[in-house]
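Q: Predicted model, plus sequence, below.
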Amino acid sequence: MLEFLKELIFPSKCLNCLQQTTQDEVLCRKCKGGIKLNQTLFCGQCLARLPEGKKICHRSFPYSLGAALDYKDEAVRKLILGLKFGRCRNAANFLGELASEYAKTIPIKWGDFLAVPVPLGRRRENERGFNQAELIARVLAEKLDMDINTKNLSRIKNTPPQSEINNFESRMKNVAGIFQAVDPDIFANRKIVLVDDVTTSGATLKEAAGAIKKCRPKTIIALAAARA
């Protein structure tokens, strides 16, 4: 009864077109149908497509990039903005499902990987009430039968949001040294999926992957729900 009254007074709306949707649906059927998934991994440095999940260029870069969606897609952009700034937790479930659908198109045995969400600064997580990367990572882990670790990669500094910084060099400087592995042995000799909601310059993922790489993992794939 309470859910019925809530829906009656505050009907669900599509985050993109604002049309009414069924309960807990973040996008209407039309907007969902317009979203396209990527089909390959990408080189983390130059963003070249990597067919069949193979790393074929810039081998010294700390990770291969997985990106399910294009942030330029208006519906995708509003999903992520709704999640990060509108506290729409249901958007994380949907983004996680889309990311898992994308991952299943890549010929990789995901069950061998450990999912690690990019940690959010404590102050920002307290303000938001959740870490959006962790919410997405939990859906991915469930859908892809992966283990997940949310504690071993630690954010040891609070910094201004990357979204407030436009210059790439300034973004790299802003996140320099902010991540650290609590116990390097947990990441040692493991295949790691580093999960985030969106990547723009790649500075945050590169810094997080660099901290994990010091632990000598087998490989790192950075998997973002969307790439700008």
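A: Structure's in. What do you need? Numbers count the residues shown, from 1 in each chain.

Q: what comes up buried for stretch 219-228?
A: Going by neighbour count (16 or more other Cβ atoms under 10 Å), the buried part of stretch 219-228 is 219, 220, 221, 222, 223, 224, 225, 226, 227. C-betas here are computed from N, CA, C, even on glycine.

Q: Do you have the strands of this protein handy? List them.
A: 41-43, 49-50, 64-70, 113-117, 147-148, 153-155, 179-181, 191-199, 219-227 (DSSP state E).

Q: Tell me, what's the model's pLDDT at the residue minimising distance to the centre of the chain?
A: The residue lying closest to the centre of the chain (Cα atoms, centre = their mean) is residue 196, at 2.3 Å. With respect to pLDDT, residue 196 has a value of 97.

Q: Looks like it contacts residue 222 (just checking).
A: Yes: here residue 196 reaches residue 222: they are 7.1 Å apart, a contact under Cβ atoms under 8 Å.

Q: intersection of neighbour lists for the two?
A: Contact with both residue 196 and residue 222 is made by residues residue 205, according to Cβ atoms under 8 Å, 6 or more residues apart in numbering.

Q: quick check: angle from the longest helix along the chain to strand 191-199?
A: Ranked by number of residues, the top helix in the chain under DSSP state H is helix 89-104. If you take axes from the mean of the first three to the mean of the last three Cα atoms, to 10 degrees, helix 89-104 sits at 130 degrees to strand 191-199.

Q: Show me what helix 89-104 is packed up against.
A: strand 64-70, helix 74-85, helix 132-144, strand 219-227 (3 or more Cβ pairs under 8 Å, 6 or more residues apart in numbering; DSSP states H and E).

Q: Fine by me, thanks again.
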